[in-house]
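In: only the shape, not the letters, is given here:
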DNA sequence: TCGACTTGCGGGTATATGCCCGCAATGACC
DNA sequence: GGTCATTGCGGGCATATACCCGCAAGTCGA
């Protein structure tokens, strides 16, 4: 008999998919989905040009994944790609479209964030952060 | 000033990716990754043939995603695809390869599960389940 | 200064994921 | 018994994600 032991990983993946759907829907009016919005925020927070590898570290994404995502965001006019002093590096910075998406998305993101926080209840939000940080 | 408010969604996605990497590595010797292992378990648990739509509901996946994943698992010999009474339905059941992968993966999965549980600490595991269920 | 690592990327390969459209099979309701 | 809405799929389209290989640029020690 296989007892019904839930797999942490499967549960996390489902939660991530559901949360993504919630944020994607909220951000839709801004013409951007969470994955890209999140990357734009990392770039914004950096406050300077960042290389693809740095962005990967910031977002905990594989470098090659960042490279592909960047290509899409570039095509959409969210970012511009240049090269740094180190000529191996490809650096990215926000473009007008990216700033606009961030501005339009900010309040929508906050709404989604609040909705999720409400579902988690008092203290739950903080607990979740602490638990996920432990991973 | 943009304060450093962590996005629940981004955090969840990172946690899911990291957990997936842990389980994938653990399951590697069994020749299967977590996403497919998880689906095989759903089919096993069902104890009967399930349609693609049912599997989608069980795994909280979009039906079209299930369709594609099933195609890959079929090619790998993990499952067999047939059709039910309702001739619209495509039903799946475990094949020999799937049973073997489940058997070989079971102890490896338990090890990964234990490792994650250890990181979450006493009670943390249960809390996480409760929180994710709230989503 | 020259070879040996190290680092940063692009591209190939394979999955995973969701939305939408259209088709076929069912079901429900006159 | 005919519509007509519902349900189940496949396939097209777009992203997201990771691993590996190979090339180019930078670093460092002898």
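Out: Everything's here; your move. Quick caveat: nothing in here was measured; it's all calculated off a predicted structure.
In: any low-confidence regions in chain A?
Out: Confidence mapping of chain A against pLDDT under 70 gives the ranges A:1-4.
In: that one: helices as residue ranges?
Out: For chain A, the helices defined by DSSP state H occupy A:8-27, A:34-46, A:52-59, A:63-75, A:96-120, A:124-134.
In: just want the most central residue of chain A.
Out: residue A:38 (2.6 Å; Cα atoms, centre = their mean).
In: and that one, what is it in contact with?
Out: If you count contacts by Cβ atoms under 8 Å, 6 or more residues apart in numbering or on different chains, residue A:38 has them with A:59, B:7, B:9-10, B:13. Where you see a C-beta, it was placed from the backbone N, CA and C, and this is true even at glycine.
In: tally of neighbours for the closest residue to residue A:91 other than its chain neighbours?
Out: Nearest residue to residue A:91 in three dimensions, chain neighbours excluded: residue A:49, at 4.0 Å (Cβ to Cβ, 6 or more residues apart in numbering or on different chains). Residues near residue A:49, counting by other Cβ atoms under 10 Å in any protein chain shown, number 18.
In: tell me the spacing between residue A:49 and chain B.
Out: Distance, residue A:49 to chain B, by Cβ to the nearest Cβ, to the nearest Å: 18 Å.
In: and the nearest residue to residue A:66 once chain neighbours are set aside, what does it touch?
Out: Nearest residue to residue A:66 in three dimensions, chain neighbours excluded: residue A:56, at 4.4 Å (Cβ to Cβ, 6+ apart). Residue A:56 makes contact with A:62-63, A:65-66 under the criterion Cβ under 8 Å, 6+ apart.
In: how near is residue A:56 to residue A:112?
Out: Between residue A:56 and residue A:112 the computed distance is 25 Å (Cβ to Cβ, to the nearest Å).
In: thought residue A:53 was touching residue A:63?
Out: Yes - counting by Cβ atoms under 8 Å, residue A:63 is a contact partner of residue A:53 at 5.4 Å.
In: kindly check the end-to-end length of stretch A:55-73 for me.
Out: Start to finish, the residues bounding stretch A:55-73 are 13 Å apart (Cα to Cα, to the nearest Å).
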